[in-house]
Each structure stands twice: as structure tokens, then as C-alpha cells.
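*Asks:* Have a look at this fold, sequence not included:
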């Protein structure tokens with residue numbers, strides 16, 4: 001009986017080791033299984049570790065403070081486009097993956113028309129664009145909620161669909177289901193998504 005229990009514990013430890021990994025910058029990242037198609041591996045040579053399936057990083061326990069968004073930026077970097085979400089102090093947890101539309105704006109239910117043929121949904125939590133810990137609930141993010149970045153190869157538009165109860169959702173309209181890499185770093189504090197060819 002003890003041998004069976006020890007074997008189960010070792011199997012569990014090996015599974016945890018398989019799922020959890022550290023990025024180049026030392027931040028802990030958990031991700032889904034890599035795509036098994038050889039086409040994807042050929043297309044992702046410029047993005048180490050890229051995949052077209054969902055990526056996830058669990059928020060640390062105990063519950064971290066709400067990460068406050070300050071800016072959303074984008075830029076072209078050779079063979080990939082980068083979308084950067086800048087935060088104060090601590091980066092939030094994230095879940096990123098392709099999802100089909102339609103998309104709606106938060107609680108209002110207003111339908112959104114987002115350019116692109118594929119849609120990369122970025123969920124950030126706990127995160128907000130307003131500092132509710134202050135009496136005046138001052139916005140920390142004052143930028144556009146719909147961003148059409150110039151000069152990018154694949155990204156067509158970046159749209160904020162939700163900022164409610166420490167959940168932020170941004171939808172990135174892309175010209176196809178392209179491989180992507182997501183990382184969170186602490187100095188400077190940001191989460192960025194690289195979308196490749």
C-alpha cells in the first residue's frame with residue numbers, strides 16, 4: 001500500500017514538473033501542451049516556445065493585489081508583432097487563447113465588430129484600469145479602448161471588452177491563427193504577447 005502511495009506521489013510530482021516552467025526572466029509560467037503539428041513548428045522558428053493553443057499563468061497565492069493597468073503599446077519586431085500591457089508594481093495572472101466571436105462590451109452587451117479573421121483573447125486578473133483602493137477611484141489607464149496600431153504585420157486591432165471586478169479582457173484581432181508567446185515580467189512590470197508568422 002505504501003509503495004502504491006509513493007508511486008502516485010512521484011507521478012503527481014512529475015506532472016507538476018511537466019506543466020510548470022520558468023521563463024528566461026525567471027517568472028513562473030504554466031502553459032498548455034505544445035501543438036503537435038510539424039507545420040506549426042516550422043512557422044514558429046522566430047518565436048521560441050510559441051504555440052497556437054491557450055497559455056495560462058496562475059496568480060500567486062495568497063490573492064495578490066489588483067494589478068493596475070497604465071498603458072497598452074504595440075510594435076513590430078522583425079517576424080512578430082508585440083502587444084504590451086504595462087502595470088504598476090505587480091503583473092496580474094493571465095489566460096490567453098484564440099476564441100471565436102462574436103464579442104460584446106462588458107455588462108452593456110453592446111456587440112463589437114473587431115477586424116481580423118482570428119481573435120486572441122487576453123484575460124488579465126486580478127487587474128483593472130481604475131484604482132478602487134483610493135476614495136476618488138482615479139483611472140490608471142486613460143488610453144483608448146479600441147486601438148488600431150499602425151505598421152504591424154498581423155495585428156489588426158486591440159479592443160478592451162471588459163474591465164469589471166478585477167477582470168480585464170482585451171481581444172486582439174489577427175489576420176489568422178498565428179503562433180504566439182506570452183510572458184509576464186516584473187522589472188518593468190508588464191505582460192506582453194508576441195504574435196508571429
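*Replies:* Arrived safely. Worth saying up front: this structure is predicted, and the values here are computed from it rather than measured.
*Asks:* what about residue 143, how many neighbours?
*Replies:* 14 (other C-beta atoms under 10 Å). C-beta coordinates here come from the backbone N, C-alpha and C atoms, glycine included.
*Asks:* And for it, nearest residue in space, chain neighbours not counted?
*Replies:* residue 72 (5.8 Å; C-beta to C-beta, 6 or more residues apart in numbering).
*Asks:* buried residues in the helix or strand that contains the one you found?
*Replies:* Per DSSP states H and E, residue 72 falls inside strand 67-77. Buried residues in strand 67-77, counted by 16 or more other C-beta atoms under 10 Å: 67, 68, 69, 70, 72, 74.
*Asks:* you'd agree the first one is up against residue 91?
*Replies:* It refers to residue 67. Yes. Contact criterion C-beta atoms under 8 Å: residue 67 and residue 91 qualify, at 5.9 Å.
*Asks:* what's the overlap in contacts for those two?
*Replies:* The contact sets of residue 67 and residue 91 overlap at residue 189 (C-beta atoms under 8 Å, 6 or more residues apart in numbering).
*Asks:* Now for the chain, the helix or strand with the poorest mean pLDDT.
*Replies:* In the chain, the helix or strand scored least confidently by mean pLDDT, DSSP states H and E is strand 20-22, which has a mean of 34.
*Asks:* quick one, helices of the chain?
*Replies:* 2-19, 38-43 (DSSP state H).
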